[in-house]
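Asks: coords please:
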Amino acid sequence: MPFRRIAPLVLLLCLGIPRHDARCQTHSSAASGDQPNQLPKNLEEILRTQVGWDRGFDRPLGSHLRLVKLDEFNRLEGHFIRYRIYAVAAKEGIAYILAVWRIGTSIQDLQIISHESYVNRKGLLLLKKPSAEQADKDTVSDGTELDVAVRVARGEPVRFALRTKDSSTLIGGTVVPFPIESVDQGCKMDAMLAVPGGEAILMSADGFAPNEQITVHGDSAGEILNRIKVADSNGRLEYVELPSVVGKDNG
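Replies: Model (predicted):
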């Protein structure tokens, strides 16, 4: 029988979440399949799309966007973090479109960052086809790198997608500049905002034994919840938290 232990995170729900409709008070999971009908339909669909995006659209393993932090800077709008992008396992010589999906926006309204971009042999994303000199470079200094800058809240993910113009190739990547995470006894747990106000939180945990039973302990504005969840065959756990509490302005 699988051993049951307590997930090593209780830091995750003290986010100052505004109260929302009582329909959403049930703690359930679209990611793990736990009674998704308890979630509002529009939220359920958003969560499934986010999880699918973070899993790489169920495309062949190895194909993904890798974002490498370059620097941070301030503007009048706030604090930004800039990233260099590598498209791992992307084919060379093909024109790609780069788009970004921010939480709180419709999947139908992706923001196009570049209508034409290319990769070199290292997967470095460029604004034009790489020259012979640039073909094997990890970085280039002539202004042709396609870097991105983002301004985010703590725990907020930014999702990028690189696709061919005929959509035959689709490569995704997610970056969380200010992660909410905890590590204990070889296990790691992360929390990502699913919506801007934090009414729904995507939870993930790694490092457990395959199919291990895990006691998940939550404390949201004094509301204590203990639930049993089961890791998958890779020792990974994914579920959704709805941290608001009935009768409280925050959770």
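Asks: in whichever strand or helix holds Y83, what counts as buried?
Replies: Per DSSP states H and E: Y83 is located in strand 78-88. The neighbour-count check on strand 78-88 (16 or more other CB atoms under 10 Å) flags 80-81, 83-87 as buried. C-beta: built from backbone N, CA, C; applies to glycine.
Asks: please apply the same query to stretch 102-110.
Replies: Result for stretch 102-110 [16+ other CB under 10 Å]: buried residues 103, 110.
Asks: who does the helix or strand hosting T215 pair up with?
Replies: Applying DSSP H and E as the criterion places T215 in strand 213-220. Sheet pairing for strand 213-220, assigned by DSSP bridges, gives strand 4-6 (parallel), strand 223-230 (antiparallel).
Asks: buried stuff in it?
Replies: For strand 213-220, by 16+ other CB under 10 Å, it's 214, 216, 218-220.
Asks: least confident pick among those?
Replies: Among those, S220 carries the lowest pLDDT, at 69.
Asks: the stretch 101-250 of the chain: strands as residue ranges?
Replies: 111-119, 125-126, 148-150, 158-164, 170-175, 180-184, 187-193, 201-206, 213-220, 223-230, 237-241 (DSSP state E, counting those that start in this stretch).
Asks: if we can go back for a sec, dump the strands paired with strand 213-220 into CSV; add mean neighbour count and mean pLDDT as well.
Replies: CSV is the format used below for the strands paired with strand 213-220 (neighbours: other CB atoms under 10 Å; pLDDT from 0 to 100):
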stretch, mean neighbour count, mean pLDDT
strand 4-6, 12, 43
strand 223-230, 13, 87
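Asks: distance to Q50 added to these, as JSON lines?
Replies: Shown next, in JSON lines, are the strands paired with strand 213-220 (distance: least, CB to CB, whole Å):
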{"stretch": "strand 4-6", "distance to Q50": "26"}
{"stretch": "strand 223-230", "distance to Q50": "19"}
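Asks: residue ranges with poor pLDDT in this structure?
Replies: By pLDDT under 70, the low-scoring segments of the chain are 1-38, 59-61, 220-221, 244-251.
Asks: cutoff 80 now
Replies: 1-39, 58-62, 218-223, 244-251 (pLDDT under 80).
Asks: stretch 140-152: end-to-end distance?
Replies: Distance across stretch 140-152, first residue to last, is 27 Å (CA to CA, to the nearest Å).
Asks: for that stretch, buried residues please.
Replies: For stretch 140-152, by 16+ other CB under 10 Å, it's 144-148, 150, 152.
Asks: returning to that earlier point: which one of the strands of the stretch 101-250 of the chain lies nearest to E72?
Replies: strand 148-150 (9.2 Å; CB to CB).
Asks: which elements pack onto that closest one?
Replies: strand 78-88 (3 or more CB pairs under 8 Å, 6 or more residues apart in numbering; DSSP states H and E).
Asks: contacts for the strand it packs on, please.
Replies: 62-74, 96, 98, 119, 122-125, 139, 145-152, 160, 162, 171, 173, 175, 177 (CB atoms under 8 Å, 6 or more residues apart in numbering).
Asks: tell me the buried residues within these.
Replies: 63-65, 67, 96, 98, 119, 123-125, 145-148, 150, 152, 160, 162, 171, 173, 175, 177.
Asks: about what we covered before: just the CA coordinates for the strand holding T215, please, in CSV.
Replies: In CSV, the C-alpha atoms belonging to strand 213-220 read as follows (Å, rounded to 0.1, in the frame of the first residue of the first chain):
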residue,chain,number,x,y,z
GLN,A,213,-0.7,9.0,-1.3
ILE,A,214,-0.1,12.5,-0.1
THR,A,215,-1.9,14.5,2.6
VAL,A,216,-2.4,18.1,1.4
HIS,A,217,-2.8,20.5,4.2
GLY,A,218,-4.2,24.0,3.6
ASP,A,219,-4.9,27.0,5.8
SER,A,220,-6.7,29.9,4.1
